[in-house]
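[1] Need coordinates for the following:
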Amino acid sequence: MNSVIVLNKPAGMTSFSACRRAASLLGEKKAGHAGTLDPNASGVLIVCTGSSSRLIEYFPKDSKEYIAGIRFGMVSDTQDIWGEVIETCRPVFSSGDLEEVLRSFIGEIEQQTPAYSARKLNGRPFYEYARKGVETQRPVRTVTIEQIELISTDTPMEAVIRVRCSEGTYIRTLADDIGRKLGCGAVMSSLVRTKCCGYDISQAHTLEEISVAVSSGTAGDLLLSSDDPIRHLPKAVVSHSYEAMMLAGSKVPISGFTVSCGSIAEGGAVRLYAESGFSGIGIVTGNGIKPKKVMVDAK
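    Model (predicted):
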């Protein structure tokens, strides 16, 4: 079955394990997920079953949103509360100081990839090097912090913030940087992702809710169609005379499609539809559209 479900991943479980558990509950053997969350984080994780995982690279790259807890007065090797504490101090700052520092991070900022990161160097994740005590040259990336809101604070020890940011932002690195700017150090103490790939946590379902729905025969009510996450792409419906050609993976002239929901451009991706429904992803090339990903059940 090709479908998508918005999962509310529990803390204490890897994204891979949560994805496999959700798929198992739904009776699916093949599944993938978009937007990895750290094991200690919870919140929105997009799980794709069947061939839907082949479409993940086309999911929207719009901003993500998090609610994060920050504990001040310490620095850890992982930049969060679950790592080894390597430095402590007594924080001394006011709520006004904190809000001023938070505002200073809005806009484009540079972040160094944390030592304990799943990003790879020479085919191995950085955390493998870190666990062995091997020093590495970790890249610096430019990310965008669109908004930071101070939700609550127990100055100067704790704070909870809401962050809207670009893809690739490390919230624990942001917490570490905030602490350094305040002169006392800080670690991320909790993390909930509330928005990802255009979906909100209000649309997410827990593993328990999925299990109950499966038992009651209503699991279908929780599932989204495989093309739902890519609804931002133009829609191209092939004419009947070109349908077999498209499903075989051959390039079809632009005149063989009815295009809606946006304009098309050379090199751009479009959603492909045949008489039977959603059929995959195509790329606009010259005066035609070449199928790039054809869904298995569309053939």
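[2] Please make it C-alpha for all contacts and neighbour counts, starting now.
    OK.
[3] Check which helix or strand E110 maps to.
    Element membership for E110, per DSSP states H and E: strand 107-112.
[4] what do you get for K181?
    Judged by DSSP H and E, K181 forms part of helix 171-182.
[5] Could you pull out the buried residues of that helix?
    For helix 171-182, a neighbour-count test (16 or more other CA atoms under 10 Å) marks 171-180, 182 as buried.
[6] right, and out of those, which lies closest to I289?
    Using CA to CA, I171 comes nearest to I289 of the buried residues of helix 171-182, at 39.6 Å.
[7] need the contact list for the closest residue to I254 other than its chain neighbours.
    Excluding its sequence neighbours, the residue lying closest to I254 (CA to CA, 6 or more residues apart in numbering) is G288, at 4.5 Å. Neighbouring residues of G288 by CA atoms under 8 Å, 6 or more residues apart in numbering: 251-255.
[8] do you know how far Y199 is from Y116?
    27 Å (CA to CA, to the nearest Å).
[9] next one: V238
    Relative to Y116, and taking CA to CA, V238 is found at 47 Å.
[10] can you map out the strands along the stretch 101-250 of the chain?
    107-112, 120-121, 124-125, 140-154, 158-165, 186-196, 199-200, 224-225, 235-238 (DSSP state E, counting those that start in this stretch).
[11] gap between the second one and the chain center?
    Going back to what we said before, that points to strand 120-121. 19 Å (CA atoms, centre = their mean, to the nearest Å).
[12] So for it, mean pLDDT?
    For strand 120-121, mean pLDDT is 75.
[13] Now tell me what touches that strand from outside.
    By CA under 8 Å, 6+ apart, strand 120-121 touches F126.
[14] hmm, 10 Å instead?
    With contacts defined as CA atoms under 10 Å, 6 or more residues apart in numbering, strand 120-121 is touched by 126-129, 136-139.
[15] of these, closest to I109?
    P139 (13.7 Å).
[16] C165: neighbour count?
    Using other CA atoms under 10 Å, C165 has 23 neighbouring residues.
[17] for V212, that is, sorry about that
    14.
[18] Who are the contact partners of it?
    25, 206, 218-219.
[19] now swap in A130 and tell me
    Contacts of A130 (CA under 10 Å, 6+ apart): 77-78, 114-117, 136.
[20] Now do it against Q79, distance only.
    13 Å.
[21] ok, L98 touching V160?
    No: with contact defined as CA atoms under 10 Å, L98 does not reach V160; the gap is 11.4 Å.
[22] Next one: the residue of the chain positioned farthest from its centre from C261, what distance?
    Ranked by distance from the centre of the chain (CA atoms, centre = their mean), the top residue is S241, with 38.7 Å. Look at S241 and C261: by CA to CA, they are 22 Å apart.
[23] Same question for V163.
    31 Å.
[24] ditto for T49
    The value you get for T49 to C261, if CA to CA is used, is 25 Å.
[25] I106 too?
    Relative to C261, and taking CA to CA, I106 is found at 33 Å.
[26] More neighbours: the two, which one.
    A side-by-side neighbour count of I106 and C261, using other CA under 10 Å, places I106 first with 16 against 13.
[27] Could you verify my assumption that the more buried one touches T144?
    Yes: with contacts counted by CA under 10 Å, I106 reaches T144, the gap being 7.4 Å.
[28] okay, and the common contacts of these two?
    Common neighbours of I106 and T144 (CA under 10 Å, 6+ apart) are 164-165.
[29] shared neighbours of A130 and Q79, which are they?
    114-116.
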